[in-house]
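K.L.:
Can you look at this prediction? I've put the sequence above it.
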Amino acid sequence: MKGKPPVTLSRRRNAVIASSLLLGLAAPATPALAKAASKTSATKPAVAKTPAPAKTTAPAKSTVKAAATATTAPTLASRMTAVKVAKTLNYYPDTAGWSKMWTNFNATQINADLAKAQALGADNVRAILFPTTMGYPTPTATYMDRLSQFVTMAAAHNMTVKFTLFDWWDGYSDVAGSTTWARAVLTPYKDDKRVISVEVKNEFDAADAAGVAWAKKIVPAIRSIAPTMPLTFSVDGTAGATGMAKIKAALVASPLDFYDFHFYGNSERALANIRKAQAAVTPTPVVIGEVGLNTLQNTDGEQAAFLARVFEAAKVAGIGSVAPWTLYDFTSTAIPTSQVSQLPAQYNYGLYHTDGSAKPAAAVVKAEWTGTALPADLFDPSFELTADASPWSAYLPQLGVGVRTTSAAHTGKWSVSFTRTGKDPSGAPSIRVAPITPVQSGQKWHGEVWIKGNAATGQSQIALSWFDANDKWLGGASSASLPVGTHNWTKLSVDGIAPAGSASMQIHLKSGANSGTIWFDDVAVSNS
């Protein structure tokens with residue numbers, strides 16, 4: 001059975017978000033199975049030329065003097081050890097994103113938020129700095145004091161800090177000014193164990209000749225300022241492995257200590273994409289410095305499953321540091337006026353809503369960071385979750401819609417029902433989900449579901465469908481169909497082996513050319 005994987009959404013490139021399209025219409029008083037959304041990408045460009053908000057004019061009380069947290073200074077090796085296993089959270093306050101975090105610095109809120117991050121299991125937080133806001137080429141004492149407060153608060157919550165030195169900045173012709181900025185920011189922390197690494201430039205474009213020329217000079221300059229500080233560049237989700245390879249080739253004379261991969265691709269193929277990134281820069285280590293899915297164009301359940309897949313794929317790939325973007329959704333005025341602020345999806349990547357309530361993704365991140373089991377209902381195998389909390393989505397809804405219903409259930413209260421469905425050469429309507437476990441060639445997969453029918457016709461079954469790393473359908477396997485007629489709960493099962501080149505798999509519960517009604521419940525999927 002052939003099916004197309006759902007398109008996951010990048011934060012990086014497109015500025016237009018298509019209107020949401022509901023893929024399910026529930027029966028009266030019955031919520032739809034899942035809220036299907038526009039699949040147009042919503043991305044966070046690195047907006048170098050956006051004017052920064054006005055600088056704070058209040059005089060600083062003192063020049064920052066950050067002291068090391070222990071008498072023994074960190075080494076490059078000790079810091080790299082920390083980098084490779086850091087439980088990093090990308091963070092801005094929900095009311096003050098990007099440069100507003102520093103212009104509208106609220107120590108009370110930040111301290112409370114860091115406590116929340118610590119409760120999730122985070123032991124590291126990223127501090128993104130903005131030269132044109134904080135004073136360039138010499139940061140003001142006010143902003144240096146605020147940075148010092150941030151590092152101190154993080155340490156109070158047993159969290160180290162990663163610095164991103166240059167964001168919303170493209171002054172590549174000014175190497176001297178860049179070096180002055182880097183020296184001012186880093187000198188107080190060069191031997192401070194609380195700071196474990198420096199990302200020189202956020203989402204660096206290795207196709208920019210001026211940027212590459214600057215990078216070749218600024219990396220050695222920073223090395224001389226802070227010799228034991230691990231250095232990296234990140235690339236956006238579109239440049240991916242190709243961008244990382246270009247950076248490595250450009251910096252042969254001044255190699256980086258690790259690479260920062262921002263993952264906003266299709267989580268079903270996370271393992272294949274991560275391995276591609278690793279291969280591009282081998283043997284240099286890779287961390288996943290940003291990963292997320294917005295809940296404007298996707299359900300909360302899809303976001304949770306997305307993060308779980310990436311964390312699990314990273315484990316298989318041997319990557320020990322995965323950093324969710326971000327702690328909170330943002331309020332409507334949180335993002336400074338910029339290209340980013342014009343993208344509605346940018347406000348909805350949080351693990352928590354702006355009212356402080358947790359999305360299902362928060363439980364996933366906590367489980368991954370604390371080494372405990374993922375939530376048992378993450379996969380929603382019995383359809384007991386609300387529509388927004390479920391990762392299941394609709395396929396070919398124009399031919400029929402699966403709806404959550406209490407009209408029948410094998411266990412619990414809920415099931416999914418199809419009535420009067422069609423079928424055409426593209427396939428049969430279904431609901432679908434991808435497993436959390438990374439998919440690899442040669443794996444044996446088993447799926448089963450309980451199904452009930454009332455005057456059923458056509459074909460209703462459980463099916464598996466495999467795809468390669470480029471989204472090409474490789475094949476599938478289907479169970480027997482529920483016989484025509486009326487039947488009580490019956491278990492259907494399917495077995496298959498992932499073909500060579502498999503990078504992802506989907507489980508489909510489908511019902512085509514069915515003039516009656518069927519119900520699905522209690523799905524189980526396993527692999528060996």
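P.N.:
Arrived safely, thanks for sending. Because the structure is a prediction, the values reported are computed rather than measured.
K.L.:
low pLDDT regions in the chain?
P.N.:
Applying pLDDT under 70 to the chain flags residues 1-71.
K.L.:
where do the helices sit along it?
P.N.:
Secondary structure of the chain, counting by DSSP state H: helices at 76-85, 100-103, 107-120, 131-134, 141-156, 175-186, 209-225, 240-250, 270-281, 300-317, 360-370.
K.L.:
Gly485 is nearest to which of those?
P.N.:
helix 300-317 (33.7 Å; C-beta to C-beta). Glycine gets a C-beta too; all of them are placed from N, C-alpha and C.
K.L.:
Now find how far off-centre the closest one is within its chain.
P.N.:
Centroid separation for helix 300-317 versus its chain: 8 Å, with C-alpha atoms, centre = their mean, to the nearest Å.
K.L.:
what do you get for stretch 78-86?
P.N.:
The chain centroid and the centroid of stretch 78-86 are separated by 21 Å under C-alpha atoms, centre = their mean.
K.L.:
Tell me how far the closest residue to Asp123 other than its chain neighbours lies from Ser357.
P.N.:
Take Asp123 and drop its neighbours on the chain: the residue closest to it by C-beta to C-beta, 6 or more residues apart in numbering is Lys87, 4.7 Å away. According to C-beta to C-beta, to the nearest Å, Lys87 stands 22 Å off from Ser357.
K.L.:
now Tyr136
P.N.:
From Tyr136 to Ser357 the distance is 39 Å (C-beta to C-beta).
K.L.:
cool, Ser407 as well?
P.N.:
30 Å.
K.L.:
do Ala280 as well
P.N.:
For Ala280 relative to Ser357 (C-beta to C-beta), the value is 39 Å.
K.L.:
quick one, which of the two is more surrounded?
P.N.:
Taking other C-beta atoms under 10 Å, Ala280 and Ser357 do not tie; Ala280 has more neighbours (22 against 8).
K.L.:
Ile247 is in contact with that one, correct?
P.N.:
No. Judged on C-beta atoms under 8 Å, Ala280 makes no contact with Ile247 at a distance of 9.3 Å.
K.L.:
so what's in contact with those two at the same time?
P.N.:
Counting by C-beta atoms under 8 Å, 6 or more residues apart in numbering, Ala280 and Ile247 have no common neighbour.
K.L.:
List the buried residues of stretch 149-162.
P.N.:
150-151, 153-155, 157, 159-162 (16 or more other C-beta atoms under 10 Å).
K.L.:
quick one: contacts for Ala184?
P.N.:
Listed by C-beta under 8 Å, 6+ apart, the contact set of Ala184 reads 137-139, 144.
K.L.:
Cross-check the contact I'm expecting between Pro285 and Met80.
P.N.:
Yes. In this structure, Pro285 is within contact of Met80 by C-beta under 8 Å, at 7.4 Å.
K.L.:
the more surrounded of the two?
P.N.:
Pro285 (20 against 17).
K.L.:
Leaving out chain neighbours, which residue sits closest to the more buried one?
P.N.:
The shortest distance from Pro285 to any non-neighbouring residue, by C-beta to C-beta, 6+ apart, is to Phe258 (4.4 Å).
K.L.:
tell me how far the ends of stretch 92-100 are from each other?
P.N.:
Chord length of stretch 92-100, first to last residue, is 9 Å (C-alpha to C-alpha, to the nearest Å).
K.L.:
which other residues reach it?
P.N.:
By C-beta under 8 Å, 6+ apart, stretch 92-100 touches 52-53, 101, 103-106, 109-110, 113, 128, 130, 133, 167-168, 326-331, 333-336, 338, 340, 350, 352, 354.
K.L.:
try 7 Å this time
P.N.:
The contact list for stretch 92-100, computed with C-beta atoms under 7 Å, 6 or more residues apart in numbering, reads 52-53, 101, 104, 106, 109-110, 113, 130, 133, 168, 326, 328-331, 334-336, 340, 354.
K.L.:
Val484 versus the residue nearest the centre of the chain, what's the distance?
P.N.:
For the chain, Gly292 is the residue whose C-alpha lies nearest the centre (C-alpha atoms, centre = their mean; 1.9 Å). Distance from Gly292 to Val484, counting by C-beta to C-beta: 45 Å.
K.L.:
okay, how far is it across stretch 464-480, tip to tip?
P.N.:
Using C-alpha to C-alpha, one end of stretch 464-480 lies 12 Å from the other.
K.L.:
and that stretch, which residues are buried?
P.N.:
Buried residues in stretch 464-480, defined by neighbour count with 16+ other C-beta under 10 Å: 464-469, 474, 476-479.
K.L.:
Now for those: which two are most distant?
P.N.:
Longest span within these, C-beta to C-beta: Ala469 and Ser479, 26.9 Å.
K.L.:
sorry, back to before: is there a quick PyMOL command that grabs whichever of the contacts of Ala184 are buried?
P.N.:
A single PyMOL command selects the buried members of the contacts of Ala184 (16+ other C-beta under 10 Å):
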select buried, resi 137+139+144
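K.L.:
would JSON lines of the contacts of Ala184 with distance to Thr419 be doable?
P.N.:
Below are these laid out as JSON lines (distance: C-beta to C-beta, whole Å):
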{"residue": "Pro137", "distance to Thr419": "67"}
{"residue": "Thr138", "distance to Thr419": "69"}
{"residue": "Pro139", "distance to Thr419": "64"}
{"residue": "Met144", "distance to Thr419": "65"}
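K.L.:
for Ala215, what are its contacts?
P.N.:
By C-beta under 7 Å, 6+ apart, the contact list for Ala215 reads 204, 250-251.
K.L.:
just these now: which is nearest Leu509?
P.N.:
Checking those one by one against Leu509 (C-beta to C-beta), the nearest turns out to be Phe204, at 43.6 Å.
K.L.:
need the contact list for the nearest residue to that closest one once chain neighbours are set aside.
P.N.:
Computed as C-beta to C-beta, 6+ apart, the closest residue to Phe204 that is not its neighbour in sequence is Phe233, at 4.3 Å. By C-beta under 7 Å, 6+ apart, the residues touching Phe233 are 199-201, 204, 247, 256, 260.
K.L.:
Narrow those to those in strands?
P.N.:
199-201, 260 (DSSP state E).
K.L.:
Same list, these, but as TSV with distance to Gln459 and neighbour count please.
P.N.:
Listed next are the ones in strands among the contacts of Phe233 as TSV, based on distance: C-beta to C-beta, whole Å; neighbours: other C-beta atoms under 10 Å:
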residue	distance to Gln459	neighbour count
Glu199	52	26
Val200	56	22
Lys201	54	24
Asp260	47	27
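K.L.:
Thanks a lot, catch you later.
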